[in-house]
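>>> Give me a 3D structure for the following:
(one chain, ligands or ions: 3)
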Amino acid sequence: MHCVDAVHFFKERVDPVEFKYSVCPHDCPDTCAWKIELSQGRIQRIMGDPLHPVTQGVICEKAKYYVERIYGSDRVLFPMRRSGPKGSGQFERISWEEAMNEITQRWQTLIDKHGAECILPYSYAGTEGIINKASMDRRFFNRLASTQLERTICSAAGSAGYQMAYGASRGVNPLETVKARFLLFWGINVLETNLHQAMLANRARQNGAKIVVIDIHLNKTAKWADEFYQILPGSDGALALGLAHVIVRDGVHDLAWIEKYIQGFKEFNEEIKNYPPERVAKITGLTEVEVVKLAHEYGEAHPSFIRIGNGFQHHENGGMSTWAIACLPALTGAWKDQGGGLLKFNSGYFPLNKDAVERPDLLKSSPRVVNMNQLGRALTNLKPSIYALYVYNSNPAAVAPEQKLVLEGLAREDLFTVVHEQVWTDTARWADLVLPATTHVEHADLYVSYWHGILQWADPIIPRQGESKPNIEVFQELAQRMGFQEACFQETTEDIARSALMTSALQKQGIDLERLKAERYIPLEMEELPFIDHKPGTPSGKIELYSERAQVLGLSPVPTYIPLVEGLETEDLEHPLMLISPPHHLILNSTFAQIESVQSRWRGPELEIHPEDALVRGIHEGDEVEVYNDRGSCQLKAVVRKSVLRGVVVTLGVWWPRDYEKGIGINALTPSRLADMGNGATFFSNRVEVRKVYE
Ligand SMILES: Nc1nc2c(c(=O)[nH]1)N[C@H]1C(S)=C(S)[C@@H](COP(=O)(O)OP(=O)(O)OC[C@H]3O[C@@H](n4cnc5c(=O)[nH]c(N)nc54)[C@H](O)[C@@H]3O)O[C@H]1N2
Ligand SMILES: Nc1nc2c(c(=O)[nH]1)N[C@H]1C(S)=C(S)[C@@H](COP(=O)(O)OP(=O)(O)OC[C@H]3O[C@@H](n4cnc5c(=O)[nH]c(N)nc54)[C@H](O)[C@@H]3O)O[C@H]1N2
Ligand SMILES: [Mo]
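Ligands and ions are numbered 1, 2, ... in the order given. So this is what the prediction gives:
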């Protein structure tokens, strides 16, 4: 061996590798614990923490590309001011001092002229870290009394529907689901969107359990299941009520349990008489035999577990569908068994002091509220006008419905737009000022999960890139410059985390920030038998199959099936197809869409269309097609496949508008109508037509 080689060899061997830990911050149920390999202070590799009870050393494919997100050439590193026309992407570097002065001066001028309601914040769950998701920002916009944002883009309809029955946001501890004998994944692509739940289901299957999927799309999860029921979009409520019909008709229900724990069985029982299998078969596209079989298999298995996904919550009837599904374990008494019942969300297991964190008391007036699904309308139609928009933790140019209006709004010369971002999204390109944001490995935060019950803490593990700052610091500075005197605007991440954890429930469990920092993650107490250990939070203290609250809201007091306004039962000859656009496994909402490793594995935006629907339109595999309706149009490549039912087309993933031909994304087509409950999103209740594009 040469001398030089020997040195090189030696150097390679001793290059110190160290491991640090963090938490995946994304809007995903799994909230994974990361083990990170660093060399010379630089992140080399991201892995799942093998010791974390839920992560168990496994993370999804996209998170492995995180290194590219952190160090990529498209990071926003410095404050930038627009130097060309809006949307041109031309920016010049400025200092934080200049940026902060410009924002506060322009806001002050606008407030003097139009009042603080001319300012609109726009954020969602870019990070799930409590501090940088919703703390100082909420305090700031409360104190400012700006227009308030109703954050309903995800699962608001279903949450409201679940609350009707249970008055709580908790259900089965996912770790218990290994005990289930029958696992029903309803409207959830669990292999792609909740990977660790699929791992737990695999363990249940090894113990003899059956896995069943109900979806509109033959996706990866449907192929993995033991049985797949492919239904028409938005028909879930009818299916659930049909299953209830058969369960009660055939005596599979548990009357003793119902008498003790249920309110409104009598009224519910009247309603389900309207859903015999022959009617439900017509609405759902299943056969009568399938409806009866599923009802019996579900009703007779113990423990039986239903994982409620987001698929049907993105329809106008999403609230009612969720309520109807949520009634099923109440009929069969599935909650009696460990691992039996439902899991829609488990955020209710984290007893944090939200008011201390967000300070709603700082809001002294009742400013108007804009629903985040209707950003496009708010920017183009609302009177008095919005003159300033502040975006963080979200990429509305890609993810919000009615994209044409959103982009028209962002293009307004008289709208002052500030975007605080980690990367150069399309939204950032439309901004007047762009501020650089730290990623979660550059700042500290406190994490909850809406699926598992483990509280986590993550310290920063690398230096901040460029001049990036976390959300909390930017809002501290803005508050100071706006002259807000309240002491809460000076609180640090740790101060806020401490007050978040200051609740009697956590104190009883011996949890405080010092312990959490030392242990990094602490499993919280979860109910062994939800809604038996503690009563539901409904007014009656029982599981409500009949709800006076629903009646007060002008809704049916029992779950019912309401056909979609833009569904397959609607007369609309010009737009005969339904377009569904659920997540893609390589991206998370629109995050990761631009990074090279993802782009190189992606075949471009695709549209799955049934062979018969393709044939009548003269469409062949690989053709460029235009999907259109009265809201807009978008170009994709056709994939002709029986993975979709006739009348339904599917495209996976919300890619950035710039990735589609003509710079218009899939949300150009989606509606901003609101769902039946919770003012939720209706992305999937969307009629379209498709035609071949001839160059
Ligand atoms: N890889 C990846 N993971 C993610 C995300 C991501 O973008 N990518 N996003 C995260 C976020 S924010 C969320 S909210 C969750 C969402 O994840 P999920 O809860 O899985 O919800 P979706 O993927 O929107 O829809 C799930 C399935 O419902 C189907 N579906 C659509 N309409 C209907 C219907 O009417 N009835 C039925 N039964 N099924 C229907 C879709 O085809 C899809 O296969 O995933 C999170 N995890
Ligand atoms: N057609 C269609 N549209 C959809 C959906 C669908 O299924 N189909 N799904 C909907 C759903 S369920 C959801 S939840 C929404 C999600 O929509 P969004 O919440 O907008 O999610 P992302 O697209 O991931 O954008 C988050 C952005 O926040 C930035 N970010 C991350 N961390 C930080 C931080 O600490 N500070 C700052 N300032 N920025 C940060 C990221 O870089 C990223 O650009 O999309 C919805 N849109
Ligand atoms: Mo979501």
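>>> How about the residues of this structure by ligand 2?
27, 124-127, 132, 153-154, 310, 392-395, 398-399, 420-423, 425, 437, 471, 581-583, 588-591, 654, 666-667, 670, 683 (Cβ under 6 Å from any ligand atom). The way it works is simple: take the backbone N, C-alpha and C, and place the C-beta from them, glycine included.
>>> Show me which residues of the stretch 501-650 of the chain sit near ligand 1.
So far as Cβ under 6 Å from any ligand atom goes, the stretch 501-650 of the chain lies against ligand 1 at 580, 582-583, 585, 587-589.
>>> Nearest to ligand 2 among those?
Nearest to ligand 2 among these: Asn589, at 3.4 Å, using Cβ to the nearest ligand atom.
>>> from memory the closest one sits against Ser581, does it?
No. With contacts counted by Cβ atoms under 8 Å, Asn589 stays clear of Ser581, the gap being 11.4 Å.
>>> how near is the spatially closest residue to Lys535 that is not a sequence neighbour to Glu525?
Among residues not flanking Lys535 along the chain, Gly541 sits closest, at 4.5 Å (Cβ to Cβ, 6 or more residues apart in numbering). Gly541 sits at a distance of 21 Å from Glu525 (criterion: Cβ to Cβ, to the nearest Å).
>>> do Asp426 as well
As judged by Cβ to Cβ, Asp426 and Glu525 stand 43 Å apart.
>>> Show me which of the two is the more surrounded one.
Set side by side, Asp426 and Glu525 show more neighbours around Asp426, with 25 against 15, by other Cβ atoms under 10 Å.
>>> Check what pLDDT the more buried one gets.
At Asp426, the model reports a pLDDT of 97.
>>> for the one 5 residues further on, same thing?
Residue-level confidence at Ala431 comes out at 98, pLDDT.
>>> pretty sure it contacts Val419?
Yes. Between Ala431 and Val419 a contact is recorded at 4.0 Å, counting by Cβ under 8 Å.
>>> between the two, what contacts are shared?
Val391 (Cβ atoms under 8 Å, 6 or more residues apart in numbering).
>>> Let me see the contact set for Thr493.
By Cβ under 8 Å, 6+ apart, the contact set of Thr493 is 131, 443-445, 470, 472.
>>> which one of those is nearest ligand 1?
Using Cβ to the nearest ligand atom, Asp445 is the member of the contacts of Thr493 that lies nearest ligand 1, at 18.0 Å.
>>> Give me the number of neighbouring residues for the closest one.
27.
>>> Tell me what it is bridged to.
Judged by DSSP bridges, the bridge partners of Asp445 are Ala458.
>>> and it, what is it in contact with?
Asp445 touches 23, 25, 127, 129-132, 457-458, 493, counting by Cβ under 8 Å, 6+ apart.
>>> which stretches of the stretch 351-500 of the chain form strands?
369-371, 388-392, 416-421, 433-436, 445-447, 454-458 (DSSP state E, counting those that start in this stretch).
>>> quick one: which of these is nearest Arg93?
strand 433-436 (10.2 Å; Cβ to Cβ).
>>> Which other helices and strands does that closest one contact?
Judged by 3 or more Cβ pairs under 8 Å, 6 or more residues apart in numbering; DSSP states H and E, strand 433-436 is in contact with strand 80-82, helix 96-114, strand 416-421.
>>> Out of the ones you listed, which one sits most buried?
strand 416-421 (a mean of 25; mean count of other Cβ atoms under 10 Å).
>>> the inter-axis angle of that one versus strand 388-392?
Going by axes from the mean of the first three to the mean of the last three Cα atoms, to 10 degrees, strand 416-421 is angled at 10 degrees with respect to strand 388-392.
>>> Just checking: what are the partner strands of strand 416-421?
According to DSSP bridges, strand 416-421 has these partners: strand 388-392 (parallel), strand 433-436 (parallel).
>>> neighbouring contacts of the first one?
Right, strand 388-392. Contacts for strand 388-392 (Cβ under 8 Å, 6+ apart): 106-107, 110, 118-123, 126, 137, 379, 410, 415-421, 427, 431, 437, 471, 474.
>>> gap between it and the chain center?
20 Å (Cα atoms, centre = their mean, to the nearest Å).
>>> same check, this time on stretch 458-467
Chain-centre distance of stretch 458-467: 26 Å, with Cα atoms, centre = their mean.
>>> Quick check: end-to-end length of it?
21 Å (Cα to Cα, to the nearest Å).
>>> Quick check: mean pLDDT of that stretch?
Stretch 458-467 comes out at a mean pLDDT of 98.
>>> Quick check: the residue of this protein nearest ligand 1.
Gly311 (2.1 Å).
>>> burial measure for that residue, as a count.
Counted with other Cβ under 10 Å, residues neighbouring Gly311 total 27.
>>> May I ask you to confirm that it is in contact with Ile188?
Yes. When contacts are counted by Cβ under 8 Å, Gly311 is listed as touching Ile188 (6.6 Å).
>>> burial count for Lys336?
A total of 16 residues lie near Lys336 under the criterion other Cβ under 10 Å.
>>> With Lys282 instead?
Neighbourhood size, Lys282 [other Cβ under 10 Å]: 14.
>>> Kindly report the same for Arg143.
For Arg143, the neighbour count with other Cβ under 10 Å is 21.
>>> my read: it touches Glu486, true?
Yes. With contact defined as Cβ under 8 Å, Arg143 counts as touching Glu486 (6.9 Å).
>>> what residues do these two have in common as contacts?
With Cβ under 8 Å, 6+ apart as the test, Arg143 and Glu486 both reach Leu362.
>>> Would you check how far apart Arg106 and Leu389 are?
Arg106 is 12 Å from Leu389, by Cβ to Cβ.
>>> tell me, what's touching these two both at once?
Phe416.
>>> re earlier: I'd like the helices and strands packed on strand 433-436 as a markdown table, with mean pLDDT and distance to Gln551 appended.
Putting these into a markdown table (pLDDT from 0 to 100; distance: least, Cβ to Cβ, whole Å) gives the following:
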| stretch | mean pLDDT | distance to Gln551 |
| --- | --- | --- |
| strand 80-82 | 98 | 51 |
| helix 96-114 | 98 | 40 |
| strand 416-421 | 98 | 42 |
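>>> partner strands of the top strand by length along the chain, parallel or antiparallel?
If you go by DSSP state E, the chain has its longest strand at strand 632-640. Note on strand 632-640: by DSSP bridges, its sheet partners are strand 606-609 (parallel), strand 624-629 (antiparallel).
>>> helix or strand right after it?
strand 648-650 (DSSP states H and E).
>>> who's in contact with that next one?
Strand 648-650 is contacted from outside by 216-217, 232-233, 568, 577-582, 607-610, 613, 627, 643-644, 688, 690, using Cβ under 8 Å, 6+ apart.
>>> Just the buried ones from those residues?
Buried residues within the contacts of strand 648-650, counting neighbours by 16 or more other Cβ atoms under 10 Å: 216-217, 232-233, 568, 577-582, 607-610, 613, 627, 643-644, 688, 690.
>>> what comes up buried for stretch 378-395?
Within stretch 378-395, the residues scored as buried using 16+ other Cβ under 10 Å are 378-380, 382, 386-395.
>>> And for stretch 686-695?
686-690.
>>> I figured Leu149 hits Leu120, correct?
Yes. Using Cβ under 8 Å, Leu149 makes contact with Leu120 at a distance of 6.8 Å.
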